[in-house]
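> Provided below are the primary sequence and the corresponding predicted coordinates.
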Amino acid sequence: MNKDNTVQLQPLEKERGFFKRIARAFSRLTTSQYIYLSAAFLLPFTIMLGIYACMEIHPFGNNSVLMLDLQAQYIYYYEEIRNLLTEGGSFLYSWKRTLGGEFMGIIAYYGASLYNLIFAIFPKNMTADAMMFINLMKIGSMGLTFGIYIHKTRNPGEMKTLALSCMYALCSYSVVQTLDPMWLDALVYLPLMILGLESLIKERKVLLYIISLSLIIMANYYIGYMVCIFTFIYFVYYYLTNRAELIKKYPPKQGKFFRRATSCCGVRTFTRMGLATIVVLMVCMFMLIAAVYSLSFGKNNFQNTNWVFALRFDFLEIFNKMLIGSYDTVRPEGLPMIYSGLLALIGLPMFYMAPSVKPAKKIGATLVLLVLILSFAINPADLVWHGFNLPNWLNFRYSFVFSFFVICLTADALVDAENIKIGNIAAVGGVLLALVAIVQNLKYHINPIQSEFQKADEKNLTSILLSVVFIVAYMIVMYLVTNKKLESAGSFMLAALVCVEMFAGGLINLADVTRDVGMVKYDSFVESNGQENYTSYNSAIRRIEHVVDMVTENDSSFYRMESKVYRRNGGENESMAFGFNGIAHSTSTLNANVIRLLSNFGYASQSHWTKYLGGTPLSDSLLGIKYVITKDELLDEHFYELAYYGAEGYRYVSSASSIYAMKNTKVLPIAYGVSEYAADLLNEMSTPYYPNGSEAQNDIIKAILYGTDYSGKDVYKPIYAYPALEDCTMGTFTQTCPYVDENGEKQTKNVPYKSYTSNGDDPTIKFTFTAPTNGAIFAHFPMDNFGKSCDIYVNSKFICNYSSSQIVDLGEYEKGEKLNVELRLNDVIYFAQESDYYFFYMDYEAVDEALSYLANAAITVEDYSNTSIEGTITLPEGQELILTTIPYDAGWNCYIDGEKVEGIKVMGALLAIPAGTGEHSVELRYMPKCYVVGLAVSTVGVAILIALIVLTIIKKLREKRAREAAACEAAMLAWEETVAQLEKPQEPLAQGHMEAFIETEKFELNVSSAPVSEEEKAEKAQKKAEKEKFLNKAARFFRFIKGKFTKKKK
């Protein structure tokens, strides 16, 4: 019975033991010296949440955190990442970007943050909320990591540490750059990396440095590169300012010159840092190689960099940019965002007044500040920081390191604040107020809306007034902080004042950037005319989602789909939100060859983006676009049939519009047989500025069917019409246009242009002609718009605003019907003269003949994934080359009948595979060789990192055991002395020696003395309590040792 009861009680005892361990762990956590640092996370988190509430960002209103490229590009990448995390799939390649392309480049730049895992937790319709929560988490994490760094290295006190953490987490860079969230991870890990660097230098520990710098580089290699530059600067600064201490701690070895030189403290420290950095690069190698591989497709040649030596701004601007409310713009005219609280502006001169700060450190800090300021000011130095490329908007992307360094100097000043004379602090305040007055009179600032320099306006005066108020308030608080008796209250007031200021500064910054670039609504809203507005992210998706879902749920084959229902000011990347394969895309990690090819086809495609504008039934068929989503529009019935439809999705106002999914009945699959001579015949397609889209498509059809029985007819026929000018004049000029050819070489091409310039009230270019046949008529005005546009009207009916050189469908007309086409100019416009006609129509008979030849040699796709295509194909005579509409990428491994075949590039952009006539099995698998190399190197790097972690743990365990062994040895010696006393018979009092000793000590604590003051009584009582506590612990310890000894003896 007892045995059964014991068995039943064992689980209960284990459970109690488990809860006891939990309780002990919680007790240790709540009594830890670091517990207050949780507030370093919660304070910035809460303040930023309050800022979002004031800006009426959802759930506090109908605004969202989506702005600029975040709303146009990044949020869709995060949708794709969420889909891959929740539904599975490969991150290596995506069919949802511009015909298809590598995806790791997008991950490496935009999506590698660990915080992006949060998207998988939120449902699809709350992606914008997830983005806001991630921003809040990053802001809070910045405060936490900076708090840890300050606590470990300076420890100015709890309230001061919290104040400094809020300053760092809510500096202008972190608040404004929430519109570029992939850059914020560097601010999270930077304090830990610097802590690791200091530990590497002073204690020869490398683990924290390796882990934190690896996280920075993997989160975003671009900002990681900038952090590496600052790391080297900080290494030199920190080593030189601590060199004397390090030499004493690690003296060089004696011996011959080489031995002494290699054992020199500086050499060994630099070598250790270099080796640790090599491990970091090895850990990050896969991501870095993926980024480099992605850049090789065109980003490297995206722009021309100007290396002219020039100053970017007046140096007084640096002072102004440290004031509250000093936001100017994120446009190309913008200055560094270095506001991090006015306490930093006050703390900087106080740093130089602090007696405890060594002169060497002051000199070193001055040099670092000078390097950073000159980097801002001098153009070539700024370009080096930006990876030798001029940034497109959002200048000085490394300015957060300036804020970090200045706040660190402020922390040094606060540590020694009580030793700084209050008169000196008052003098600092007076000088700052004088400088503010000077700025108020002389300051010119950038108007973010008009992008021009203007004298100080109401906004600038508000900034000046707030700066004066907070500087005076800080002077009062600093008086309390420097007073020993009031230091505690002063520190609390300092933290509270910083929180108030950073809330005000953050709110002003976010409001200003919203006025500058706009903020997207969270959901649709009703306009004053009673119509529902669909410009928001969520409403644009809801608008057509149900029809898209019908297509994807009922057709599981491989195909491309596009939409004519675009969200205004964004939407090129919507295919990633909907999950279909499209051609529209916008990204900095662009494929220049594909963009150029689509532009030659007649699609709206230039710079770094492509839109589904300019598609014709033929071009859509050639590129495999099987479905087109339209609104109230049934497409050319010769090619399209209605597949699915539904009412336009709405939230507030019932919509009378319908959304259609039109199916292309003549669409070709992803690969089909073409002439083996096509590659040679289409060389010119790799150059930009092709005459026009109709001529390009005519040439493509003739080339890919060369050598077959195809009649060779043009699929598009020209319509000649000559312009009549009203209130405008025409001129001509030649533009030398640079481009990069398919081999990556820079080339130029002289392109003749016609310019049409307004000289009256109603500048118009008119064309008049009659329809030569029944059917659709198209227009294409090849142009480099230079930022200009015009409005196209046909028979007084508005067709579109023309600004991106795409083919325009003017509508269907009866033979003989008269067309009056008007181009109403807004200013000036430029048309390329390569073609001698602008209008054309489709020869349906020729198109049907061409597509039937290609369809007879088309692949049957049997299986596909993100990184593979498998199928069979039968190639007739004259069509021995398999042309795919997959962008050429050396990462595609091609197999014909199980044998590996080298793919070739056609039209400068597409992948083709030589095969020969007959039936073949085709297999394509995506895995670039460089990825394999990168993965192998990263694996070795991670193995080294794990080995370092294990060695560090073993070392700590050994040190702990050594300490415990030393303590036990000391305890045993003490016990042996006690036992020796106990074993002496002549000393009857020896029995209970330790207990007697302890009781004696306790008695002595109770001995009264002469009358003392209340303060002395309190002090003695505290000492008495501490001594009693110590003696009780000692008694328990010796009883424990005695019990062990007695057991052994028995």
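That came in fine, so what should we check first? Numbers count the residues shown, from 1 in each chain.
> got any ranges where the stretch 801-950 of the chain has weak pLDDT?
834 (pLDDT under 70).
> Confirm that residue 798 sits in a helix.
No: looking at residue 798 with DSSP: H, G, I helix; E, B strand; the rest coil, it is strand, so not inside a helix.
> Quick one: residues contacting it.
Contact analysis of residue 798 by C-beta atoms under 8 Å, 6 or more residues apart in numbering lists 791, 792. Bear in mind the C-beta positions are built from the backbone N, C-alpha and C, glycine included.
> Which pLDDT value goes with it?
Residue 798 is assigned a pLDDT of 94 by the prediction.
> can you offset everything so residue one is 684?
Shifting the count to begin at 684 puts that one at residue 1481.
> That one pairs with what?
residue 1476 (DSSP bridges).
> Check the one 10 residues further on too.
Applying DSSP bridges to residue 1491 yields these beta-bridge partners: residue 1462.
> From residue 1304, how far out is it?
The gap separating residue 1491 from residue 1304 is 19 Å, by C-beta to C-beta, to the nearest Å.
> Quickly find the element holding residue 1386.
Here residue 1386 sits within helix 1376-1387, counting by DSSP states H and E.
> ugh, typo on my part, it should be residue 1656
Here residue 1656, judged by DSSP H and E, is contained in helix 1612-1665.
> Please name the nearest non-neighbouring residue to residue 1464.
residue 1514 (5.1 Å; C-beta to C-beta, 6 or more residues apart in numbering).
> Residues in a beta bridge with the one you found, which ones?
Going by DSSP bridges, residue 1514 forms beta bridges with residue 1437.
> Can you report how many residues lie near it?
22 (other C-beta atoms under 10 Å).
> Show me the strands in the stretch 1434-1583 of the chain, by range?
Using DSSP state E, counting those that start in this stretch, the strands found in the stretch 1434-1583 of the chain span residues 1447-1453, 1458-1462, 1473-1477, 1480-1485, 1491-1496, 1501-1508, 1511-1515, 1522-1525, 1543-1548, 1551-1558, 1564-1570, 1575-1579, 1582-1584.
> For the fourth one, buried residues please.
The one in question is strand 1480-1485. Under the neighbour-count criterion of 16 or more other C-beta atoms under 10 Å, strand 1480-1485 has 1482, 1485 buried.
> And the fifth one, by the same measure?
Judged by neighbour count using 16+ other C-beta under 10 Å, the buried positions of strand 1491-1496 are 1491, 1492, 1493, 1496.
> Now for residue 1350: which residues touch it?
Contacts of residue 1350 (C-beta under 8 Å, 6+ apart): 1242, 1303, 1304, 1307, 1308, 1309.
> Kindly report the same for residue 1388.
Residue 1388 neighbours (C-beta under 8 Å, 6+ apart): 1357, 1358, 1395, 1533, 1536, 1537, 1561, 1562.
> What confidence value was assigned to it?
Value for residue 1388, per-residue pLDDT: 94.
> same deal with the one 3 residues further on?
Among the per-residue scores, residue 1391 shows a pLDDT of 89.
> and it, which of the three is it?
Secondary structure, three-state DSSP: residue 1391 is coil.
> who touches the residue positioned nearest the centre of the chain in this structure?
When C-alpha atoms, centre = their mean is applied to the chain, the residue found nearest the centroid is residue 865 (1.7 Å). Applying C-beta under 8 Å, 6+ apart, we find residue 865 in contact with 757, 792, 793, 794, 795, 796, 902, 903, 906.
> which one of those sits closest to residue 927?
Distance to residue 927, by C-beta to C-beta, is smallest for residue 906 among the contacts of residue 865, at 34.2 Å.
> neighbours around the closest one, how many?
Using other C-beta under 10 Å: residue 906 sits among 24 other residues.
> the strands in the stretch 1184-1333 of the chain, which residues?
So, for the stretch 1184-1333 of the chain - with DSSP E, counting those that start in this stretch - the strands run 1208-1209, 1215-1216, 1243-1246, 1268-1269, 1287-1289, 1292-1294, 1308-1314, 1323-1330.
> Switch the ones you listed over to a markdown table; also include mean pLDDT.
As requested, the strands of the stretch 1184-1333 of the chain are exported to a markdown table (pLDDT from 0 to 100):
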| stretch | mean pLDDT |
| --- | --- |
| strand 1208-1209 | 79 |
| strand 1215-1216 | 81 |
| strand 1243-1246 | 96 |
| strand 1268-1269 | 92 |
| strand 1287-1289 | 88 |
| strand 1292-1294 | 91 |
| strand 1308-1314 | 96 |
| strand 1323-1330 | 95 |
